[in-house]
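Undergrad: Turn this into a structure:
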Amino acid sequence: MSRRLRILEKELGVPLLIPDGRKIRPTAIGQELAQALSQPLADIEQALCDAVTDGDEEHGTVRFGIPLTMDTGSLPSFIADFCQKHPEVRLHVRVAHGQALEAALKEGELDVAALLPAP
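TA: The predicted structure follows:
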């Protein structure tokens, strides 16, 4: 995780965490980023739950698309939480470019996708 954070800090050009004794704490920018990302992650979780609820809420597959450019650092724990809450639901994750994900949604190949606005 720390490697991913260093890569993200390098890409953004700002520190996100600072040492605080034996611990670390977020910088002001790191805290702002975490707050800004909390709602989109909650929206993704809600969309997945909605997809499960719209079908058979105890069984089946949810096909979820993630853009290549999305930081997936918190994705493993997110997926683990989802699978723990819905053990009989299979989660199929596709990582692709945003345009490919959008096309897959339109074609019915995905149930839900995290689409990021163009820069």
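
Undergrad: Could you pull out the helices in the chain for me?
TA: Using DSSP state H, the helices of the chain run over 2-12, 28-54, 75-85, 98-106.

Undergrad: average pLDDT across the last one?
TA: When pLDDT is averaged over helix 98-106, the result is 89.

Undergrad: Which parts of it count as buried, going by neighbours?
TA: Buried positions in helix 98-106, judged by neighbour count with 16 or more other C-beta atoms under 10 Å: 98, 100-102, 104-105. Any C-beta I mention is one placed from the backbone N, CA and C, and that applies to glycine too.

Undergrad: Can you give the contact residues for it?
TA: Helix 98-106 is contacted by residues 65-67, 69, 94, 96, 110, 112-113, 115-116, 118 when judged by C-beta atoms under 8 Å, 6 or more residues apart in numbering.

Undergrad: Lowest-confidence entry in these?
TA: Checked by pLDDT, the contacts of helix 98-106 have A118 as the lowest-scoring entry (62).

Undergrad: circling back to that earlier point, return the members of the contacts of helix 98-106 classed as buried.
TA: Buried among the contacts of helix 98-106 by 16+ other C-beta under 10 Å: 65-67, 96, 110, 112-113.

Undergrad: All set now, cheers.
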